[in-house]
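> Next one to model:
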Amino acid sequence: MKDDRLLAMRVFSAVAETGGFTAAAQALGVSQPFVSQTIARLEDRLGVSLLHRTTRGHALTAEGQLYLDGCRSAIDGVEQAEAALQTSAEQVAGTLRVSAPLAFGLDRISPLLPEFLAQHPKLELDLVLTDDSVNLVEDRIDLAVRMGTLTDSSLRARRLCGLRRIVVAAPALVAHHGRPDTPADLARFPCLCWDGARAHLNQWDFTPPQGPERFEATGRFRSNAGLVLFQMCVNGVGIMRCAEHLAKPAIARGELVPLLEDHTAQDDAAFHAVFLPGRNLQPRLRAMLDFLIGQFSAPDW
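Numbers count the residues shown, from 1 in each chain. Predicted structure coming up:
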């Protein structure tokens, strides 16, 4: 007896998580007609409408949301059962493409890779370092490390560790301009700014005693690469709001000093590992995911 219920669950979950038939087909590596036919057969079998079309794609009905919860539980159960049989290094093979932000990749990911490759001698690894947000389907990325607050709900994600950003400056720059007491005092400093897709990071949020405050960073130098901004900051060109994995070691070395530490805003930003939904995790992808989660469970910075 042929039972395609799990396949239908995977297809339906992909549609729900990507928001459309075409996007789901790309994520699953199947044709769009296959996705639409599978959903139609599923709704016929269940006798309910799971999705309704909107101007932005497909949205869940109340019955669809209920069914999606059950699908996720069933799929997770299958993945956990298979993962228990896929722990051997001999089974972790093939090519794995991983993407990470440039600075975090160079500073924190690449030093870990010799250990990971030694654990899995049959694995080939491609590491793509970029501060641009890659498209996992178009760029053939199996797993991407992303920093900040996640906005793409179509991807599955696992939190690696928290992300705190600190305003820092070279000691000579502070000696020249004086130490700021309030966010408004930062206006007398030259700022190092993000360009392009990450320009929103030029809005610096603070929580001084009088309430939340936002400072808009402006300056003569911009870049789309965080590592370049960091190097310019160490060289005294300007101040920046820097991820703590770079900032704290530089502060400990005396290369930078923190500014307005007691005004730093707390948010839900973090480093996440993201990957495509609607598919069973290949052993190589699960191996990398488990490795990163283990390595960053207690960040040394």
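> Keeping just the C-alphas, turn stretch 9-29 into PDB.
The C-alpha coordinates for stretch 9-29 follow below in PDB (Å, rounded to 0.1, in the frame of the first residue of the first chain):
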ATOM      1  CA  MET A   9       3.000  17.000   4.700                       C
ATOM      2  CA  ARG A  10       6.500  18.100   3.500                       C
ATOM      3  CA  VAL A  11       5.000  19.800   0.400                       C
ATOM      4  CA  PHE A  12       2.300  21.600   2.500                       C
ATOM      5  CA  SER A  13       4.800  22.700   5.100                       C
ATOM      6  CA  ALA A  14       7.000  24.200   2.400                       C
ATOM      7  CA  VAL A  15       4.100  26.100   0.900                       C
ATOM      8  CA  ALA A  16       3.100  27.400   4.300                       C
ATOM      9  CA  GLU A  17       6.700  28.500   5.200                       C
ATOM     10  CA  THR A  18       7.600  30.000   1.900                       C
ATOM     11  CA  GLY A  19       4.200  31.600   1.200                       C
ATOM     12  CA  GLY A  20       3.700  30.200  -2.300                       C
ATOM     13  CA  PHE A  21       3.700  27.300  -4.700                       C
ATOM     14  CA  THR A  22       6.600  28.500  -6.800                       C
ATOM     15  CA  ALA A  23       8.800  29.300  -3.800                       C
ATOM     16  CA  ALA A  24       8.000  25.900  -2.300                       C
ATOM     17  CA  ALA A  25       8.800  24.100  -5.500                       C
ATOM     18  CA  GLN A  26      12.300  25.900  -5.600                       C
ATOM     19  CA  ALA A  27      12.900  25.000  -2.000                       C
ATOM     20  CA  LEU A  28      12.000  21.300  -2.500                       C
ATOM     21  CA  GLY A  29      13.600  21.000  -5.900                       C
END
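> What residues of that stretch count as buried?
With burial defined by 16 or more other Cβ atoms under 10 Å, the residues of stretch 9-29 counted as buried are 9-21, 23-28. All C-beta spots, glycine's among them, are computed from the backbone N, C-alpha and C.
> and if you look at stretch 69-81?
Using 16+ other Cβ under 10 Å as the test for burial, stretch 69-81 gives C71, R72, I75.
> Just put the residues you listed in a markdown table and tack on secondary structure.
Below are the buried residues of stretch 69-81 laid out as a markdown table (DSSP: H, G, I helix; E, B strand; the rest coil):
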| residue | secondary structure |
| --- | --- |
| C71 | helix |
| R72 | helix |
| I75 | helix |
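> I'd like to know which of the buried residues of stretch 9-29 are part of helices.
Residues from these lying in helices, with DSSP state H as the criterion: 9-18, 21, 23-28.
> count of residues packed around N202?
19 (other Cβ atoms under 10 Å).
> ok, the residue lying closest to it once chain neighbours are set aside to R165 distance?
Among residues not flanking N202 along the chain, A217 sits closest, at 4.5 Å (Cβ to Cβ, 6 or more residues apart in numbering). Distance, A217 to R165, by Cβ to Cβ, to the nearest Å: 12 Å.
> what residues are shared contacts of these two?
Here A217 and R165 have R241 as joint contacts, going by Cβ atoms under 8 Å, 6 or more residues apart in numbering.
> Doesn't T218 lie inside a strand?
No - applying three-state DSSP, one finds T218 to be coil, outside a strand.
> can you pull up the bridge partners for the residue most central in space within the chain?
Ranked by distance to the mean C-alpha position of the chain (Cα atoms, centre = their mean), the top residue is R146 at 2.4 Å. Note on R146: beta-bridge partners by DSSP bridges are H272.
> Which parts of this structure are strands?
Secondary structure of the chain (DSSP state E): strands at 51-54, 57-60, 94-100, 123-129, 143-148, 156-162, 165-169, 192-194, 203-206, 213-216, 221-223, 240-243, 257-259, 270-275.
> how about the CA coordinates for the third one, as CSV?
Translated: strand 94-100. Taking C-alpha atoms only, strand 94-100 is exported to CSV below (Å, rounded to 0.1, in the frame of the first residue of the first chain):
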residue,chain,number,x,y,z
GLY,A,94,29.2,14.9,-0.3
THR,A,95,29.6,18.7,-0.7
LEU,A,96,28.3,21.2,1.8
ARG,A,97,28.0,24.9,1.0
VAL,A,98,28.0,27.2,4.0
SER,A,99,27.7,31.0,4.0
ALA,A,100,28.6,33.4,6.8
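> which residues are contacting that strand?
Residues contacting strand 94-100 (Cβ under 8 Å, 6+ apart): 109, 122-130, 134, 139-145, 282, 284-285, 288.
> Likewise for the fifth one?
Residues from elsewhere that reach strand 143-148, judged by Cβ under 8 Å, 6+ apart: 96-101, 104-105, 109, 133-134, 136, 160, 163, 243, 269-275, 285, 288-289, 292.
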